[in-house]
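Chemist: need the 3D shape of this:
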Amino acid sequence: MNAQLIFDIANNGILIFWLLLILAPRWRVTEVLVHSAAVPIVIGLTYTWLIATVFFGGALPEGGNFTSLSGVMAFFTSPVAATAGWIHYLVFDLFIGAWQVRDAQARGIPHLAVVPCALMMLLAGPIGLLMYLALRFGLRRGGFLLDAPA
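Modeler: Numbering: from 1, shown residues only. You can find the predicted model right below:
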């Protein structure tokens, strides 16, 4: 297993799905790949394999734990654990980005208004989410609750 290769494939491969989401959100291919569970399942299985390798395959760095900042930082000294961590971000950012696009479509928010939110979601997830929620609120197309539009 080469952590660098897995990182490169995941990091560059995810961009295809973001391009579909941004450029062709209603295309059937986008619906099948991005608006379904297909990509999260594949990436999630990769993540699960990497995490299992860390914890059960001897790649756990000394001092690595989830109970302290120094313990979490220790995880990122392992290429396998750092790759798993990055894949964690990739899958959840895409999942939330796809939700934003679907939610905007359901609420009648123009796609071009959502594109900056999606781009920021790709680059800095929580900021992209805040931007989208502010857009929804500003356009009066949804408030604090994240449920489906009535």
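Chemist: ranges for the helices of this structure?
Modeler: With DSSP state H as the criterion, the chain has helices at 3-23, 28-33, 38-56, 69-75, 79-107, 111-123, 125-138.
Chemist: what's the closest of those to Phe144?
Modeler: Taking C-beta to C-beta, helix 125-138 is the member of these nearest to Phe144, at 8.1 Å. Using the backbone N, CA and C atoms, a C-beta is placed for each residue, glycine as well.
Chemist: chain center to that closest one, what's the gap?
Modeler: A distance of 15 Å separates the centroid of the chain from that of helix 125-138, by C-alpha atoms, centre = their mean, to the nearest Å.
Chemist: neighbouring contacts of stretch 29-48?
Modeler: Taking C-beta atoms under 8 Å, 6 or more residues apart in numbering as the criterion, the residues outside stretch 29-48 that touch it are 6, 10, 14, 17, 20-21, 24, 84, 87-88, 90-91, 94-95, 98, 101-102.
Chemist: same thing but at 7 Å, please
Modeler: Residues outside stretch 29-48 that contact it (C-beta atoms under 7 Å, 6 or more residues apart in numbering): 10, 17, 20-21, 24, 84, 87-88, 90-91, 94-95, 98, 102.
Chemist: now it: buried residues?
Modeler: By neighbour count with 16 or more other C-beta atoms under 10 Å, stretch 29-48 contains the buried residues Thr30, Leu33, Val34, His35, Val39, Pro40, Ile43, Gly44, Thr46, Tyr47.
Chemist: first to last residue in it, what's the distance?
Modeler: As for stretch 29-48, its first-to-last residue distance stands at 26 Å under the measure C-alpha to C-alpha, to the nearest Å.
Chemist: quick one: mean pLDDT for that stretch?
Modeler: Per-region confidence: stretch 29-48 scores 92 on mean pLDDT.
Chemist: same question for stretch 136-149.
Modeler: Taken as a whole, stretch 136-149 carries a mean pLDDT of 80.
Chemist: spatially central residue in the protein, please.
Modeler: Centre of the chain computed as the mean C-alpha position; nearest residue by C-alpha atoms, centre = their mean is Asp93, 2.1 Å away.
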